[in-house]
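Engineer: show me the folded form of this:
(2 chains)
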Amino acid sequence: MAAPGAAATDLEVVRGKRAALFFAAVAILLGLPLWWKTTETYRAPLPYSQISGLNALQLRLTVPVTVVFTQESVPLDDQEKLPFTVVHEREIPLKYKMKIKCRFQKAYRRALKHEEEALSLGSVQEAETTLAEPREEAEGSLTVYVISENSSLLPQDMMSYIGPERTAVVRGFTHREAFNIVGRRVIQVAQAMSLTEDVLAAALADHLPEDKWSSDKRRPLKSSLGYEITFSLLNPDPKSHDVHWDIEGAVRRYVQPFLSALSAAGNFSVDSQILYYAVLGVNPRFDPASSSYYLAAHSLPHVINPVESRLGSSAASLYPVLNFLLYVPELAHSPLYIQDKDGAPVATNAFHSPRWGGIMVYNVDPKAYNASELPVRVEVDMVRVMEVFLAQLRLLFGIAQPQMPLKCLFSGPKSEGLTTWELDRLLWARSVENVATATTTLTSLAQLLGKISNIVIKDDVASEVYRAVAAVQKAAEELASGRLASAFIASQEAVTSSERAFFDPSLLHLLYFPDDQKFAIYIPLFLPMAVPILLSLVRIFLETRKSWKKPEKID
Amino acid sequence: MAAALPLAVLLLLLLGPVGGGHAEPPRDTLREELVITPLPSGDVAATFQFRTRWDSDLQREEGERITLEKDNCHLLVSHYRLFPKALGQLISKYSLRELHLSFTQGFWRTRYWGPPFLQAPSGAELWVWFQDTVTDVDKSWKELSNVLSGIFCASLNFIDSTNTVTPTASFKPLGLANGTDHSFLRYAVLPREVVCTENLTPWKKLLPCSSKAGLSVLLKADRLFHTSYHSQAVHIRPVCRNTRCTSISWELRQTLSVVYDAFVTGQGKKDWSLFRMFSRTLTEPCPLASESRVYVDITSYHQDNETLEVSPPPTTTYQDVTLGTLKTYAVYDLLDTAVINNSRNLNLQLKWKSPPATGALNRGLVFAEAPPVPFLYAQRYVSGYGLHNGELNTLLYNTHPYRAFPVLVLDTVPWYLRLYVHTLTITAKGKENKPSYVHYQPAQDRLQPHLLEMLIQLPPNSATKVSIQFERALLKWTEYTPDPNHGFYVSPSVLSALVPSVVAAKPVDWEESPLFKSLYPVSDSSSYFVRLYTEPLLVNLPTPDFSMPYNVICLTCTVVAVCYGSFYNLLTRTFHIEEPSTGGLAKWLANLIRRARGVPPL
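Structural biologist: From the prediction side, this is the model:
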């Protein structure tokens, strides 16, 4: 070929190279970002670091205790030092990722004049009512009065007294180490009234590793904003028994006072119903010795399921339902008794199922059958029934009897069946449980969102997450500063927000969009476009390398 | 799991004084009834009605929230006995005034079976009147339909604004009502809904005697769904507690109607018995029911000397005007101990005594004879061809020889059939028949359906044809159902009419009369109210090929790739002229042969 021709071809080759490079540049600089931007899923930023920080959160539960010393309770020179504050802090050993510390902040002071007067009264109950009048105590706080060693306020053999409100009385001690010894006694009493390990262990039962006690700890209901309580009368044999129960009166008299005392812990609604022809799922065994029927302890788990289909879930709300069943056995199976593991009949003839409710078997008085023909009219003794159901209700809410210190006089609950400090203890436990639940929910949400990059995170989901994180932090702060009521409210808000974020339906929209389908759509466009660009880039690269090597050889 | 509870409670002893006002429990009553009607066509219809009346003003009780002294917290308390808790909670939570829900499989053929006590459209139908205190009716309606779908295991959650309408005249409250502001009414039909045992089981659970005693023992699912028509319904409405109507009670009526094809199941005989129909017999009354009766229609239709015989012989008979005609019923009261105690169970049987003739001939005779035609019946069909336009036709028949009567027609048409209202024509006896009332609410795409309500006067002995043309819309590809070639359902038209009676009815005490008579309020004695439904329609919509989007993507990409490829080649390649190489394959072959011969190649 001629030289000008060769020069023209070289020029052509250079132009071709430039064009190929330009194509590649446009595809990479313009095409890729455009594709990336238009196919991106919207993911609002989330506070990932704060959420992982929540796991290492240290919960410090502060119980403000006011310790009031009367005149002769401790030696005089010790009294001179008052008032001052002592802090007693202790870590609660639980196998949980959060460290929980319990901190009793004891503010020591001298008794005021009216307190002295009240504490010199004849009996401790009188003293208590006199003391209770002018004060309004914050939730979670305690007041302990230290009286003189030989005061007649308490019976001689009793060292301390726990009242139904947030007050306790402890005997003082005239000794050099009086403050230390009295302080230890005060701590014992305060622990019984507020925070103990088993209360917290029960609250965190779901988050702790399984152990042999865990099934027992999982008895209480999980914390929720509200609860529905349903009393059901099961009458499997309406042909023989015409059962009447005054549930309206019983609810008004026994359940409502109890629930109104508990109302700080949530909203309650109470229903009752009568179900006919509802039978238990187990055939009772006949015991010829006592000519009665019995349900053995091991068969009790099978009792509930067939009944449950008739109970009907609550149509009107999403709160957990607590069922209390009163079962009047059919004529052919009465009397019916429940046996415990050792084969002895259970005195109450009742049992409960954790987080579900309780069942009581109510046998009809056999004398009733002689008097008249069938059906026999049965009036249920509601006092007997409600006694059992309220006890079960307390258990299901996790209000168990605390471990009392030695030589301690314990006044029974008030007329509503719940002491104020029991309610406080419930709120402590619920707050800790709520914080733990919210933290777990947030952590798993963050993990899930991190793992699946297809999920769209909308702004409202993100704002719920932020709100939940803030609420958990606030709850922890309030717990540390001993303001129980606001801590509980914050912890509830944390749970609500975190659950709302976790269960938001918008998270599911693009979840099912597998990668193979994406490639099936992209390949028809991308493959024919990318292959020529890549090939020419490779060729250009090879040629350039060759042309670099050539001059070296010449040298 | 369950642990025995030791007695550890001294609580109640401290719980304040026992005693105080012993409130009289609210009284509720249960009545149950089964009506068996041999139909003119030879089938047998059985209609169960269970009516729970609850003497409690639920709404007011609901308002009576007990305010606790402590911290203004509300505690909601309600007590149920015979009335099911699930429905009672709905009434108070959503402030319902009336609720009517039905699930139906099959179609009541009014033309051959006569007017029904209570017809329902095939599929699911729900209509609800809310109290006038409800502020956001649509929200309550949405929530209510979701809750009901959970209670009855049905897909009522598919009720949304595209199939909900607010009729202005057709659905009046059946119970007590002060005002009838129809903005508190919602009506929806799901014609696609398939009804099966999973809907029956929750329905049975609402009965106080469940399915253990009384008439409900007959409700065995495998028999009930082996029928040509199955309809179960729940009606809740407020009724007067006493004759002076000083206070209200709530009435829950659960009805279930089935039509057995007696010919097919009975090997060509019209005889039936309870056992043959339900594979059960009645053994005991429900101890909770205050009334438990079986009515058997023994009115003889045929003029020939064919007679029927019921066994065991009834103790009493009941004669009354039902649906415009005088009927005679054999009554069996289950609470009457003699009815069941004689034989431990009650297996009602009905035999047709025929004149001495051969069976086959006799059956031929029965067929030849025209059954009595009801005064009002209707038919509906789609006409037209192709996938673009079509026509909805409704035929309304008035067979009364000399009386004309008005009919309210309600049509709900989904938005994807675009109605041309100007093509609405109503003709009777060749003349145009102008409706005296028309209410039309046009559809909005993906928001609301068409609603057409008309009051049409039907001339005596005539067939009135209502027709309207429509255009089929194209749906978005995600809006098609999983089986789009099956077609799309159009819910049936609803006809509400006061049909003249043959025999004037005597005014009776409403509370005392049998249940099948007391569902619709009676206004005057010379006519009776019926509500009929036509067949649901199945319309084919233009259906695309659903792999189309992917094909489009592939095709476009290929076109783009081809254009791009040639463009790219044109720009980046260098072209030089090459000497044309002659021969090619021929030359190569020739060289091969030459090499074999030892001759130098070309």
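Engineer: tell me who's in contact with A:Leu542.
Structural biologist: Applying C-beta atoms under 8 Å, 6 or more residues apart in numbering or on different chains to A:Leu542 gives no contacts. Placement of C-beta: from N, CA and C, glycine included.
Engineer: check the gap between it and chain B for me.
Structural biologist: 15 Å (C-beta to the nearest C-beta, to the nearest Å).
Engineer: tell me the buried residues in the one helix or strand that residue maps to?
Structural biologist: Assigning secondary structure by DSSP states H and E places A:Leu542 in helix A:515-554. Residues of helix A:515-554 classed as buried by neighbour count (16 or more other C-beta atoms under 10 Å in any protein chain shown): A:Pro524, A:Leu525, A:Pro528, A:Met529, A:Pro532, A:Ile533, A:Ser536, A:Ile540.
Engineer: next one: stretch B:312-331
Structural biologist: Within stretch B:312-331, the residues that count as buried by 16+ other C-beta under 10 Å are B:Pro314, B:Val321, B:Thr322, B:Leu323, B:Gly324, B:Thr325, B:Lys327, B:Tyr329, B:Ala330, B:Val331.
Engineer: what's the closest of the buried residues of helix A:515-554 to B:Val407?
Structural biologist: A:Pro524 (59.4 Å; C-beta to C-beta).
Engineer: thinking again about what came up before, I'd like the mean pLDDT over the helix holding A:Leu542, please.
Structural biologist: Across helix A:515-554, the average pLDDT comes to 81.
Engineer: for stretch B:464-475, same thing?
Structural biologist: 93.
Engineer: helix or strand: which one has A:Glu387?
Structural biologist: helix A:382-396.
Engineer: how far away from the center of its chain is that helix?
Structural biologist: Distance of helix A:382-396 from the chain centroid (C-alpha atoms, centre = their mean, to the nearest Å) equals 23 Å.
Engineer: that helix packs against which elements?
Structural biologist: helix A:247-250, strand A:321-327, strand A:350-353, strand A:357-361 (3 or more C-beta pairs under 8 Å, 6 or more residues apart in numbering or on different chains; DSSP states H and E).
Engineer: show me what the first one is packed up against.
Structural biologist: Contact analysis of helix A:247-250 by 3+ C-beta pairs under 8 Å, 6+ apart lists helix A:382-396, strand B:74-79 as its packing neighbours.
Engineer: name the element B:Leu408 belongs to?
Structural biologist: Per DSSP H and E: strand B:405-413 holds B:Leu408.
Engineer: how about the secondary structure of B:Glu193?
Structural biologist: Following DSSP: H, G, I helix; E, B strand; the rest coil, B:Glu193 is assigned to coil.
Engineer: okay, now it: neighbour count?
Structural biologist: The local packing of B:Glu193 (other C-beta atoms under 10 Å in any protein chain shown) involves 20 other residues.
Engineer: got the contact list for it?
Structural biologist: Shown in contact with B:Glu193 (C-beta under 8 Å, 6+ apart): B:Phe103, B:Gly123, B:Ala124, B:Ala154, B:Ser155.
Engineer: where exactly do the helices run in the stretch 501-602 of chain B?
Structural biologist: B:548-572, B:585-597 (DSSP state H, counting those that start in this stretch).
Engineer: and the last one, how far out from the chain middle?
Structural biologist: Its chain's C-alpha centre and that of helix B:585-597 lie 87 Å apart, by C-alpha atoms, centre = their mean.
Engineer: got it, and the longest one?
Structural biologist: Here helix B:548-572 shows a centroid-to-chain-centroid distance of 54 Å under the convention C-alpha atoms, centre = their mean.
Engineer: give me the pLDDT for residue 384.
Structural biologist: This is for chain A. pLDDT at A:Arg384 comes out at 91.
Engineer: that was the other one, I meant chain B.
Structural biologist: With respect to pLDDT, B:Gly384 scores 91.
Engineer: report the separation between it and chain A.
Structural biologist: Distance from B:Gly384 to chain A, counting by C-beta to the nearest C-beta: 39 Å.
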